[in-house]
Every structure is written in structure tokens, then in C-alpha cells.
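Novice: Sharing a sequence plus its predicted fold:
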Amino acid sequence: MQIIELPMNLIDEDKDQPRYRFGEESLQELVNSIGEIGLLSPIKVRKAEGGRYKIIYGNRRYLACSKLGRDTIPAIVSDATDETEIYLEQVAENLTREGFTPIEEGEAFDKLLNDPKFASSVKFLAAKLGKPESYIKNKCELLKFGPAVKKLVVSGTDIRKGTLTEDQMLPLKDLPMEYRDPLALTMAKDEMPVIDVKRIAKLFKDASISERTKSQLLYKDGPGLLDTWSAYEASRKERARAAADAERRKAEAEAEREEAEREEAQRKKAEAKGAAGAGSAQPHPAAETAGAAAAASAAVAAQPGVGALGQADAAGAVAAMAAAAAGARTMATLRELLAALPTPDALAAELQAATSVDPEALRDGLDDLIGRLEGHLSACRTARSEVAKRI
């Protein structure tokens, strides 16, 4: 790479280069720096018609040297002729320089993407420039804003009165133009932090707020819009809480209804089992046998001529019949009790599912049931011991 001194009068600026916004203050600082210590970096040019040269990059340095009245400037002469490669080189060079604004970047990327002369893709640019695709897309999004807003955009992240950073603008980019630009100007005027810009943008994106209300909100300043967002957010949370409570009450009512239906179904099932047990049995053996025994006893006693011994035999027969009746009654009662009892697993499952029942009432009911069952168990164990002695 050879650096040569080129006459200033043979060099032309590139009016189509990506960077075109040069602040007078920063340009004067460059003039002073070159005047004191000289030009530290050469410009880069390419050959043009008529023995002239056109700047690829270094326009600010060329302008500063012109202000100093220099006759020559150190330059690198490029043999590049491909327009896309030249423009990409200009963009890449300016990306390393301070003062290359996000709007200038966006316009450069947009030109490479949409100008038929270049017709590049986001993927191609990202690979060539070493930038994420999202970086390129976000810069292009800034072009949605109007000229008045674009003039306020500066590089960096420092928020200053009367300027806008890329981070301040991006939350507003998807709003309609009638809200986007006025809000951007308000954010610049009131030096609104990015987090507050996001909150205000959320307010204007809410479809539940009428367009008329949003238009009226544009008359407020930044702090006023933030206060409106705070009130709106509190109201939104309250509405969400109320909706959640209503949903919870509805779910509880549904659970109680289902629980009542289950209890009713169990009651009907138990009744059906009891009725089926009674229907399938013969006429109650205890009552039938007892009645027969009483009738037999009465018939024997009523016969004339029956002596005391005969009456004693008749009484023994009656006692035997009564004992048989008691045994039949006992077995029938035992069968009914067994049919009425649910399985322990089913009962446990029902109790665990009863989440809508008052826990204290359920506990007291279970304590009462356990007490009664323990009494029945004690009586059954005693009866079993007595029966076992007869075997």
C-alpha cells in the first residue's frame, strides 16, 4: 500500500458517501488538531476520469485540510471499481469513526438493501461488516421517523436535552406516525430515560385506550405521560385482580356443585344397594320364624288334654325355633352392614378430593365417625370372642 501526496485541486468529494453530517464544532477541532500536529491518517481515493480522483473515505480530513489552505494531502490510491465493494468499504470505515450517526448508518444500510445498484441482503451485509443482523435491522427501523426527529438523533447512549439516542427511539418505532413523531420530540425535550419511554410507548400501544384519548394525551409533557401510565397500570392490575377473584369464586362454586353431586350420587347408590339387599332376601327369617313359633306355641297350648309334659316339649320346640330366628336375623343384619360399607380406598379418595369443604367441619365429622366405628369394632370383637367359644 503506497501513500502519495496528491494535489488538493485534483480531488473531488464523494457526495453519495454514507457520512454527510459534519458538525461545525467537531470539524473545527479537527482543523486545529491537523494545524498543530499534522494529518495522522491519509485519505483514500480512487481514480476518476480526466486524471482526477474521487474520495472513498476521509471527507472530513479533506475539508479540514481545505480550511487550512493546504496544497496537497497524503492519500492512498485504490484500484477498486466495484461500486458495492467501494460503498461497503466506506460504510466499514465510518463505523469505526465517532460521529457516524445511527440515522446515517440506517440510510447506508437501506441504500445497500434497496438500491438496485447494490441489491444486497441483510445476511450479506452482516457477514461483510461483522455486525449482527438485528443491528442492521434496528438501524433501518429508525428511518420510519420524520425529518424533524432524525435531526435530533445522536450517537451513543447519553441522554441530553434536545437530542435523541437510538435506545430512546426504538420503543416508539412501531407506533403510528401521528403518535410516533410527537412522542419522540417530547422525549427529547424532557430528557426521558429509556425505561420511561418504554412505559409511555406501552400506553399508546394499548388497544383498549381510544384513539381520542391517545390524541389528548399528546398534549401532556413527558412527566405527565408517565403519571398517566402509572395510573393506567394500577387500574390494569386492579382489573386483573378482580377478574382473577371472580374466576376463583366461579371455580369454588363449581367445585362445591360437583361435590354436592358426588355426595348425592353416593347417597342414591347406598340406598339402591340397601333396597337390592332387602329385595333379594326371603321374607325376614327372624320375624317369620318368631311368628311361626308363637303360633305353634299357642296351638299346642290350646289343644285339650295336653298335659304339663307335653306343654314342656312344645315350649322347647318354640325356644329352638326362636334361636334359629335370632341367628337368621343376626346373619341378615351382618350382610346389610357389609353391603353398606364403601371400600376404604374409595372413601379415602373422596375425602382427599373434598377440597371445597370446611376443613374443621370435615375433621370433626371424621372424628365422630371414627369414634362410632371404634365402638362398633369393640362390640364386634366381643361378639366374635363369644362365637369362637362355641366352636
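Specialist: Arrived safely, thanks for sending. What you see is a predicted model; the values in this text were computed from it and never measured.
Novice: for this structure, which helix is longest?
Specialist: Counting residues, the longest helix found in the chain (DSSP state H) is helix 222-280.
Novice: list the helices and strands that one packs on?
Specialist: When contacts are defined as 3 or more Cβ pairs under 8 Å, 6 or more residues apart in numbering; DSSP states H and E, helix 222-280 sits against helix 177-189, helix 194-205, helix 308-340, helix 344-353. C-beta coordinates here come from the backbone N, C-alpha and C atoms, glycine included.
Novice: go with 7 Å
Specialist: Packed against helix 222-280 by the contact rule (3 or more Cβ pairs under 7 Å, 6 or more residues apart in numbering; DSSP states H and E) you find helix 194-205, helix 308-340.
Novice: what helix or strand is Leu63 on?
Specialist: Secondary-structure assignment from DSSP states H and E places Leu63 in helix 59-67.
Novice: wait, isn't Cys140 in contact with Ala108?
Specialist: No: when contacts are counted by Cβ atoms under 7 Å, Cys140 is not listed as touching Ala108 (9.8 Å).
Novice: Could you name the helices and strands sitting against the helix holding Leu63?
Specialist: Counting contacts by 3+ Cβ pairs under 7 Å, 6+ apart, helix 59-67 is packed against helix 24-37.
Novice: Tyr219: what secondary structure?
Specialist: Under DSSP: H, G, I helix; E, B strand; the rest coil, Tyr219 falls in the coil class.
Novice: Quick check, pLDDT for it.
Specialist: Per-residue confidence (pLDDT) for Tyr219: 94.
Novice: Tally up the residues packed near it, please.
Specialist: Neighbour count for Tyr219, taken as other Cβ atoms under 10 Å: 10.
Novice: And it, its phi and psi?
Specialist: Backbone torsions of Tyr219, given as degrees, to the nearest 10, read phi -80, psi -10.
Novice: Distance check, it against Thr186.
Specialist: Between Tyr219 and Thr186 the computed distance is 10 Å (Cβ to Cβ, to the nearest Å).
Novice: same question, Pro223
Specialist: With Cβ to Cβ as the criterion, Pro223 and Thr186 are 10 Å apart.
Novice: what bridges to the nearest residue to Val45 once chain neighbours are set aside?
Specialist: Distances taken as Cβ to Cβ, 6 or more residues apart in numbering put Tyr53 closest to Val45, at 4.1 Å, once the chain neighbours are dropped. Taking DSSP bridges as the rule, Tyr53 bridges to Ile11, Lys47.
Novice: and Tyr53, what does it touch?
Specialist: 6, 10-11, 45-47 (Cβ atoms under 7 Å, 6 or more residues apart in numbering).
Novice: biggest separation within these, which pair?
Specialist: Leu10 and Arg46 (12.6 Å; Cβ to Cβ).
Novice: more crowded one of the two?
Specialist: Taking other Cβ under 10 Å, Leu10 and Arg46 do not tie; Arg46 has more neighbours (17 against 14).
Novice: ok, the spatially most central residue of the chain to Ala246 distance?
Specialist: The centre of the chain sits closest to Ala240, judged by Cα atoms, centre = their mean, with a distance of 14.3 Å. Distance, Ala240 to Ala246, by Cβ to Cβ: 11 Å.
Novice: looking at the protein, which helix or strand is least sure?
Specialist: The weakest-scoring helix or strand in the chain, judged by mean pLDDT, DSSP states H and E, is helix 285-302 (a mean of 51).
Novice: any residues touching stretch 220-228, and which ones?
Specialist: Stretch 220-228 has contacts (Cβ under 7 Å, 6+ apart) with 186-187, 190, 192, 196, 199-200, 203, 217.
Novice: Out of the residues you listed, who's the most crowded?
Specialist: Counting by other Cβ under 10 Å, top hit in the contacts of stretch 220-228: Met187 with 27 neighbours.
Novice: show me what contacts it?
Specialist: Taking Cβ under 7 Å, 6+ apart as the test, what Met187 contacts is 164, 168, 197, 222.
Novice: Try it again at 6 Å.
Specialist: Counting by Cβ atoms under 6 Å, 6 or more residues apart in numbering, Met187 touches 168, 197.
Novice: Check what pLDDT it gets.
Specialist: 97.
Novice: rank the helices and strands packed on helix 222-280 by pLDDT, which is bottom?
Specialist: Ranked on mean pLDDT, the bottom entry among the helices and strands packed on helix 222-280 is helix 308-340, at a mean of 67.
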